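Engineer: coordinates only, sequence not included:
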């Protein structure tokens with residue numbers, strides 16, 4: 001199980017969890033259609049989680 005605990009808190013934790021859930025659903029569809037390989041999986045997961053954390057960080061530090 002992937003958890004957002006310790007990375008972000010509060011409402012932002014929910015947003016990160018939704019992003020991870022959406023990424024997981026996308027990957028499941030690709031796997032079902034046979035268009036998923038390990039390289040694609042690694043790049044996609046890293047990119048999606050990075051962007052979610054970066055957006056969260058920027059939102060938390062803009063006033």
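Structural biologist: Structure received. This one's a predicted model, so the numbers in the text were calculated from it and none came from an experiment.
Engineer: where are the low-confidence patches of the protein?
Structural biologist: Applying pLDDT under 70 to the chain flags residues 1-13, 63.
Engineer: Let's see that with 50 instead.
Structural biologist: Where the chain drops to pLDDT under 50, the residues are 1-2, 4.
Engineer: how many other residues sit next to the residue lying closest to residue 48 once chain neighbours are set aside?
Structural biologist: Leaving out its chain neighbours, the residue that sits closest to residue 48 by C-beta to C-beta, 6 or more residues apart in numbering is residue 23, at 4.3 Å. (C-beta placed from N, C-alpha, C; glycine too.) The number of residues packed near residue 23 is 17, by other C-beta atoms under 10 Å.
Engineer: Give me the helices and strands touching the helix or strand hosting residue 23, please.
Structural biologist: Counting by DSSP states H and E, the element that carries residue 23 is helix 11-32. Under the contact criterion of 3 or more C-beta pairs under 8 Å, 6 or more residues apart in numbering; DSSP states H and E, helix 11-32 touches helix 38-60.
Engineer: Could you list every helix and strand that the helix it packs on packs against?
Structural biologist: Helix 38-60 packs on helix 11-32, going by 3+ C-beta pairs under 8 Å, 6+ apart.
Engineer: Return the distance of the helix it packs on from the chain's centre.
Structural biologist: Offset of helix 11-32 from its chain centre (C-alpha atoms, centre = their mean, to the nearest Å): 6 Å.
Engineer: how big is the angle separating that helix from helix 38-60?
Structural biologist: Note on geometry: by axes from the mean of the first three to the mean of the last three C-alpha atoms, to 10 degrees, helix 11-32 and helix 38-60 are set 160 degrees apart in direction.
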